[in-house]
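Asker: kindly generate the corresponding structure for this input.
(one chain, ligands or ions: 1)
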Amino acid sequence: MRAFTITADKFTAENIPHCGNKFLIGNGYFGIRGTMEEYTKEHMPAVNMAGIYDKVGDAWRESVNAPNPLSTYVKINGKKLALPDAEPISHKQELDIAKGIHTRCTTWQTEGGEVCVTCERFADMARRNAVGMRYTLKTDFDCTAEITTGIDGDVWDINGPHFVKIDTASRGDIEAVSGTTGEKGIIVTAQECVSYRFDGEINVRCGEKQVLKTITFTAKANTEYCFEKTALIYASCDEKPCTDAADELNYADLKREHIAAWERIWDVSEVEIDGDDEAMLALNYSIYHLNCIAPRGLSGISIPARGLSGQVYKGAVFWDTEMFMIDYYIHTEPAVAKTLLQYRIDTLCGAKTKAAEYGLDGAYYAWESQEGGFEACSDYNVVDVFTKRPMRTYFRDKQYHVSAAVVYGIMKYINATGDTGILSEGALEVIIECARMYRSLLIKKADGSQYEIRDVVGPDEYHERVSNNAYTNKMAQFVFKTAYDMIKALDNDSYDELNKRYDLEKLLDVFKDSYENMYIPQPSEDTGLIEQFDGYFKLEDVSVDEVRSRLLDPKEYWGGAYGVAADTQVLKQADVVAMLSMFKNDYNAEIMRKNWEYYEPRTEHGSSLSACMYSLLSCHIGNPDAAYPLFMKSASADMNPGGKEWAGGIYIGGTHPASEGGAWIVAVKGFAGIDIADGELVCNPNLPKKWKKLSFKLMFKGELYCISIENGKGTINKI
Ligand code: BGC
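Answerer: Predicted coordinates for the structure are as follows:
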């Protein structure tokens, strides 16, 4: 793996939330925000746990942040030096994405002279519970120094506090803080051991929420004083309990194993782009994030929309996972993709409960899914910035397309891995139950000709409760056809077995009737345009800028009943274009081009999921140079400040793994033109002008392939 480093060269207080996301480290079990060691909860440090949730009172249920074992600050001659209060004379924050190591180096000018602090840390990729940290203090004058380091149980929460009880302890060389959640009594513990080789006086304090160890010593000018910390984070609900003890771990060994684990990941995952270092960095940075959140060796969890960067969006799993992220795992580490799908299989029961709640048959997956498929999406998702009242939104009730995304994810996995075994492990039941759900949504059109689906919210969330959303109808048809085909493909024994639970003959008839008679909005004969939903073309046709200029408050929500976009043709994110890029073989290039050209200027790209879909369609219609800026936008979603942080008074910042997964899809399926035809990998490349060569590896049906594209030609070689 070549060296890739992400850097911030100076400190600005307003970038604290952004840097927390940009410099995230993680290992799938937890994510650690790229905040400074001295930060307290006002500055959003977080060790965000995968798959552990808690609810406080009537507030939103959300993921839990563990006690923070990185907490550290210094005092020089009695004066505390800590960002953001003490302004530094220099500050550098770095993320080595090849090794998954975060470093910071900060220098302050004090009366006595300069004080420099450096710290490197990692979320251990080889040992999921472990965190390593190495902290160094150096001054250019003799002074009395105090380093205070420990575990902070007073964590940042959006809808907390989640710990109803915090226990602190110090025994021998180990300090520990355990927080107990209120709803389920889950105990989340951080345990640590600090080692150093200089003389100092030690004082350990177990407070109500923290355990802090202070080392006081006389620092000599230009001498480095360093301590190493090995920490463990674990929870009482862990399937595989942590068997390590912090004082038995050695920092150097952990670091070596951690780097080796990342090397193994990059061996398969690295993408090389000759001629465009910026794109190569952005894409590999995206891949880095996808790896920080991959649930390796874990079960019962999937990936939240904001990864493991905190509690935004409640730490919940959305359609993002199956539509935008899973492709990367399918083709680099299929076991991770299977874990993601297993989560949907395991939560089928929750999806059936939700369907029944709405009077529907089958399975309606949660729009915001937590453990067990629990629907975390509330009826009121945004706040009216003027009245401060919650606004009714219909994401939970009407985004039926989430169930189709699950089926789409299953089929992408099967087609690329050949693992049809997953069908008998529960995936076929998921497909059938989703098809049953869509069937119960069908209404015969007034003229009796076809089925339509009324009253939905499509991917463009700004227009709620619309009818015949082209995307939703097409996806429903895909689900019917898939269910039909998968039942038809069963061997006799499997058919008989399943027939004990379903009347398969009847289901086959119903699904066939449904996909054959499903109304799919077609391209107009005059314009070639596909109407996003019934009546869309009659809405006011104004520019995105015009709609933006109508905002009375920058945090105002654009959609819903009274939003500025609701009665206009301005959409939040790819909708018809998402459909076209997914079903490219059903439409000709001219139709795809006309729709891209119509919808793109009307799209706010208000969701980070949008740019990659437009980019992908651009590739499909042979226009990689139009695809390129949208690809870069997608790949750099977490690199640059300025991303959307507010929606109707609700904070929505965090990392954007769907955008990053989307960037990978564009590179591989768009620019490289990788596809599966007749069960084989094929490659129809279309590189942006400045890319001289693109190469990467792909897993396909259990084999690893090396793909290389140069001079307009692609080669696919089995390794
Ligand atoms: C988008 C959804 C997406 C969610 C989580 C919203 O802003 O509109 O499509 O699933 O964010 O990423």
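
Asker: next one: P554 from Y328, what distance?
Answerer: 33 Å (CB to CB, to the nearest Å). In this view, the C-beta of every residue, glycine as well, is placed from N, C-alpha and C.

Asker: which of those two has more neighbours?
Answerer: Neighbour totals were compared for P554 and Y328, and Y328 leads with 25 against 8 (other CB atoms under 10 Å).

Asker: buried stuff in stretch 341-354?
Answerer: Across stretch 341-354, burial judged by 16 or more other CB atoms under 10 Å covers 341-348, 350-354.

Asker: stretch 224-235 now?
Answerer: Going by neighbour count (16+ other CB under 10 Å), the buried part of stretch 224-235 is Y225, C226, F227, E228, K229, T230, A231, L232, I233, Y234, A235.

Asker: equivalent analysis for stretch 547-560, please.
Answerer: Residues V547, E556, Y557, W558, G559, G560 are the ones in stretch 547-560 that count as buried (16+ other CB under 10 Å).

Asker: so which of those belong to helices?
Answerer: In helices, judged by DSSP state H, the following of the buried residues of stretch 547-560 are found: V547.

Asker: with the buried residues of stretch 547-560 in mind, which one is nearest to E600?
Answerer: Proximity of the buried residues of stretch 547-560 to E600 (CB to CB) peaks at V547, which lies at 15.1 Å.

Asker: look up the closest residue to that closest one, ignoring the ones flanking it.
Answerer: The shortest distance from V547 to any non-neighbouring residue, by CB to CB, 6 or more residues apart in numbering, is to V570 (4.7 Å).

Asker: that neighbour - how many residues pack around it?
Answerer: Other residues near V570 come to 29 when the count uses other CB under 10 Å.

Asker: could you do I676 as well?
Answerer: Neighbours of I676 under the rule other CB under 10 Å: 14.

Asker: and the buried residues of stretch 547-560 near the ligand, which?
Answerer: When CB under 6 Å from any ligand atom is applied, no member of the buried residues of stretch 547-560 is adjacent to the ligand.

Asker: mind picking the one among the buried residues of stretch 547-560 that's closest to the ligand?
Answerer: Relative to the ligand, the closest of these is G559; by CB to the nearest ligand atom it sits at 9.0 Å.

Asker: which residues does the spatially closest residue to that closest one that is not a sequence neighbour contact?
Answerer: Spatially, and ignoring its direct neighbours in sequence, G559 is nearest to Y462 (3.5 Å; CB to CB, 6+ apart). Taking CB atoms under 8 Å, 6 or more residues apart in numbering, we find Y462 in contact with W558, G559, G560, G563, A565, A566, V570, L571, K572, E604, G606.

Asker: just S299 next, same as before
Answerer: E239, T339, Q342.

Asker: could you check how far it is from I158?
Answerer: Using CB to CB, S299 is found at 27 Å from I158.

Asker: break the chain into its domains for me.
Answerer: 5-266, 271-718 (automatic domain parsing).

Asker: work out for me the element the residue in the stretch 351-500 of the chain positioned nearest to the ligand sits within.
Answerer: Nearest residue of the stretch 351-500 of the chain to the ligand (CB to the nearest ligand atom) works out as E461 at 4.7 Å. Assigned by DSSP states H and E, E461 belongs to no helix or strand.

Asker: wouldn't it be in contact with K572 here?
Answerer: Yes: judged on CB atoms under 8 Å, E461 makes contact with K572 at a distance of 5.4 Å.

Asker: give me the common contacts of these two.
Answerer: Shared contacts of E461 and K572 (CB under 8 Å, 6+ apart): G559, S607.

Asker: in stretch 309-326, what's buried?
Answerer: Within stretch 309-326, the residues scored as buried using 16+ other CB under 10 Å are 309-326.

Asker: which of the residues you listed come close to the ligand?
Answerer: Among the buried residues of stretch 309-326, the ones lying near the ligand by CB under 6 Å from any ligand atom are Y313, F318, W319, D320.

Asker: can I get these in TSV with distance to K697?
Answerer: What follows is these, written out as TSV (distance: CB to CB, whole Å):
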residue	distance to K697
Y313	32
F318	28
W319	27
D320	24
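
Asker: so how far is L341 from G421?
Answerer: Distance from G421 to L341, by CB to CB: 12 Å.

Asker: check P69 too.
Answerer: Noted for P69: a distance of 33 Å to L341, by CB to CB.

Asker: before we move on, what about E38?
Answerer: Looking at E38 against L341, where the rule is CB to CB, the gap reads 41 Å.

Asker: which residues of the stretch 101-250 of the chain fall in strands?
Answerer: Using DSSP state E, counting those that start in this stretch, the strands assigned to the stretch 101-250 of the chain run over residues 101-109, 114-123, 130-139, 143-152, 163-171, 174-181, 187-196, 201-206, 210-219, 225-235.

Asker: so for E333, which of those strands sits nearest?
Answerer: Closest among the strands of the stretch 101-250 of the chain, once you apply CB to CB, is strand 114-123, at 17.5 Å.

Asker: secondary structure class for A50?
Answerer: Counting by DSSP: H, G, I helix; E, B strand; the rest coil, the backbone at A50 sits in strand.

Asker: which parts of the stretch 451-600 of the chain sit against the ligand?
Answerer: Contact residues (CB under 6 Å from any ligand atom) of the stretch 451-600 of the chain with the ligand: P459, E461, K572, Q573.

Asker: quick one: low-confidence ranges for this structure?
Answerer: Where the chain drops to pLDDT under 70, the residues are 648-649.

Asker: up against the ligand, what does it have?
Answerer: A305, Y313, F318, W319, D320, P459, E461, K572, Q573, S607, L609, A658.

Asker: turn the residues you listed into a markdown table, including distance to V479.
Answerer: What follows is those, written out as a markdown table (distance: CB to CB, whole Å):
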| residue | distance to V479 |
| --- | --- |
| A305 | 22 |
| Y313 | 25 |
| F318 | 18 |
| W319 | 13 |
| D320 | 19 |
| P459 | 16 |
| E461 | 21 |
| K572 | 24 |
| Q573 | 21 |
| S607 | 23 |
| L609 | 20 |
| A658 | 21 |
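
Asker: what about those residues, which are in helices?
Answerer: Per DSSP H, these map to helices at D320, A658.

Asker: show me which of the residues of the chain next to the ligand is closest to V510.
Answerer: Using CB to CB, W319 comes nearest to V510 of the residues of the chain next to the ligand, at 24.8 Å.

Asker: let me know the closest of the ones next to the ligand among the buried residues of stretch 309-326 to the ligand.
Answerer: Among those, and counting by CB to the nearest ligand atom, the member closest to the ligand is F318, at 3.8 Å.

Asker: touching, the closest one and R306? I think so.
Answerer: No: with contacts counted by CB under 8 Å, F318 stays clear of R306, the gap being 9.6 Å.

Asker: overlap in contacts, these two.
Answerer: By CB under 8 Å, 6+ apart, F318 and R306 have no common neighbours.

Asker: can I get stretch 256-269 in PDB? Just the C-alpha atoms.
Answerer: Presented in PDB, the C-alpha positions along stretch 256-269 are these (Å, rounded to 0.1, in the frame of the first residue of the first chain):
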ATOM      1  CA  ARG A 256       2.400  -4.100  14.800                       C
ATOM      2  CA  GLU A 257      -0.500  -6.400  14.600                       C
ATOM      3  CA  HIS A 258      -2.900  -3.500  13.900                       C
ATOM      4  CA  ILE A 259      -0.700  -2.300  10.900                       C
ATOM      5  CA  ALA A 260      -0.500  -5.900   9.600                       C
ATOM      6  CA  ALA A 261      -4.300  -6.200   9.700                       C
ATOM      7  CA  TRP A 262      -4.600  -3.000   7.700                       C
ATOM      8  CA  GLU A 263      -2.000  -4.200   5.200                       C
ATOM      9  CA  ARG A 264      -4.100  -7.300   4.600                       C
ATOM     10  CA  ILE A 265      -7.100  -5.100   3.900                       C
ATOM     11  CA  TRP A 266      -5.300  -2.900   1.500                       C
ATOM     12  CA  ASP A 267      -3.800  -5.900  -0.300                       C
ATOM     13  CA  VAL A 268      -7.300  -6.500  -1.700                       C
ATOM     14  CA  SER A 269      -8.800  -3.000  -1.500                       C
END
